[in-house]
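whatever this is, show me its structure:
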Amino acid sequence: MGLFGPVTKEIVGSDGVVGNIAIAGQVTVYTHSIPVHRGRNFGLFYKATVDGAGVPNLKIELEESFGKLAVASEGSASGDWVVPEGMSNIETALITEVLHIKSLSPVPAPFMRFKITGNSSGTANPATCVIRMRFAVQEE
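Residues are numbered from 1 along each chain as shown. The predicted structure is shown next:
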């Protein structure tokens, strides 16, 4: 058996739209779940932008679960989804508008998603902030 990929998949926001995910102000947005059953190596490409004055100020976390949410609950908070213990945030205070690429080392689980929060400390996250994310996976 060998490795396949990597392939990238655009992340779907809580509104079900592929592409720019709006993070207006101090909101928390949960992306749709991503199955990673055969995944071995993982990465994330992401870029936040602001239309007009200001800079983004975002926290990005990875959450995992044993089961996928019902379609109607995708993009919602759920007690069955958690940030694995000991896992660092992907970003604690993302304040740049450049492309970032990070390697991810999740706990083995069948599903993952991203939790994106507009920070309020320091410079608050502007209302026009969006983030575009692509998940990269190499499967076995």
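
C-alpha only now, for contacts and for neighbours.
Will do.

and the residue nearest the centre of the chain?
residue 114 (3.1 Å; C-alpha atoms, centre = their mean).

that one bridge partners, please.
Beta bridges link residue 114 to residue 62 when assigned by DSSP bridges.

and it, what is it in contact with?
Going by C-alpha atoms under 8 Å, 6 or more residues apart in numbering, residue 114 touches 30, 31, 32, 60, 61, 62, 63.

now tabulate the residues you listed in CSV and tack on distance to residue 70, neighbour count and pLDDT.
CSV is the format used below for those (distance: C-alpha to C-alpha, whole Å; neighbours: other C-alpha atoms under 10 Å; pLDDT from 0 to 100):
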residue, distance to residue 70, neighbour count, pLDDT
30, 14, 24, 95
31, 13, 25, 94
32, 11, 25, 92
60, 23, 20, 98
61, 21, 20, 97
62, 19, 23, 97
63, 16, 21, 96
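
identify, from the residues you listed, the entry nearest to residue 20.
Nearest to residue 20 among the contacts of residue 114 is residue 31, at 11.4 Å by C-alpha to C-alpha.

how about that closest one, nearest residue that isn't a chain neighbour?
Using C-alpha to C-alpha, 6 or more residues apart in numbering and skipping the chain neighbours, the partner closest in space to residue 31 is residue 13 (4.5 Å).

could you do residue 116 as well?
Closest residue in space to residue 116, ignoring its immediate chain neighbours: residue 60 at 4.6 Å, by C-alpha to C-alpha, 6+ apart.

now do the same contact list for that neighbour.
Per C-alpha under 8 Å, 6+ apart, neighbours of residue 60: 89, 90, 91, 92, 114, 115, 116, 117.

residues in contact with the helix or strand hosting residue 8?
Counting by DSSP states H and E, the element that carries residue 8 is strand 4-10. Residues from elsewhere that reach strand 4-10 (C-alpha under 8 Å, 6+ apart): 18, 19, 133, 134, 135, 136, 137, 138, 139, 140.

mind listing what's buried in it?
By neighbour count on 16 or more other C-alpha atoms under 10 Å, the buried set for strand 4-10 is 8, 10.

just to revisit the earlier point, redo the contacts of residue 60 as TSV? Include distance to residue 7, secondary structure and pLDDT.
Converted to TSV, the contacts of residue 60 look like this (distance: C-alpha to C-alpha, whole Å; DSSP: H, G, I helix; E, B strand; the rest coil; pLDDT from 0 to 100):
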residue	distance to residue 7	secondary structure	pLDDT
89	23	coil	96
90	20	coil	97
91	23	strand	97
92	26	strand	95
114	18	strand	97
115	22	strand	97
116	23	strand	97
117	26	strand	96
